[in-house]
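K.L.:
Test case, fold it:
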Amino acid sequence: MLSETRLKNAIIATKENNETIDSDAAWERFALKLAQAIIFEIKNASITYTSGLTNGGGAVVGTFNNTIS
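P.N.:
So this is what the prediction gives:
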């Protein structure tokens, strides 16, 4: 499940950890940690199919109605 609080806390922790290193290295580390936090959240997303697809004996057709959490 996506968590805004968990992502926000990961971003804040990354910023705080970068305050003790030089500027170029800090931006490099910040970008890496931010990318890792975003990828983690995407991998933990949950997509729930609600309706919309049909199969009349052939290919599946329709609109994939869903919720993302």
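K.L.:
now for the worst-scoring helix or strand of the chain on mean pLDDT, which elements pack on it?
P.N.:
Of all helical and strand segments in the chain, the minimum by mean pLDDT, DSSP states H and E falls on helix 4-18, at a mean of 82. Helices and strands touching helix 4-18, by 3 or more Cβ pairs under 8 Å, 6 or more residues apart in numbering; DSSP states H and E, are helix 23-43. (Glycine included, C-beta is placed from N, CA and C.)
K.L.:
Name the next helix or strand downstream of the helix it packs on, please.
P.N.:
strand 47-55 (DSSP states H and E).
K.L.:
Put the alpha carbons of that next one into PDB.
P.N.:
As requested, the backbone C-alpha atoms of strand 47-55 are provided in PDB (Å, rounded to 0.1, in the frame of the first residue of the first chain):
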ATOM      1  CA  ILE A  47      -4.100  -2.200  -7.600                       C
ATOM      2  CA  THR A  48      -7.600  -3.700  -7.100                       C
ATOM      3  CA  TYR A  49      -9.700  -4.700 -10.100                       C
ATOM      4  CA  THR A  50     -13.300  -3.600  -9.600                       C
ATOM      5  CA  SER A  51     -15.000  -4.200 -13.000                       C
ATOM      6  CA  GLY A  52     -15.000  -3.400 -16.700                       C
ATOM      7  CA  LEU A  53     -13.400  -6.300 -18.600                       C
ATOM      8  CA  THR A  54     -15.300  -9.000 -20.500                       C
ATOM      9  CA  ASN A  55     -14.500 -12.000 -22.500                       C
END
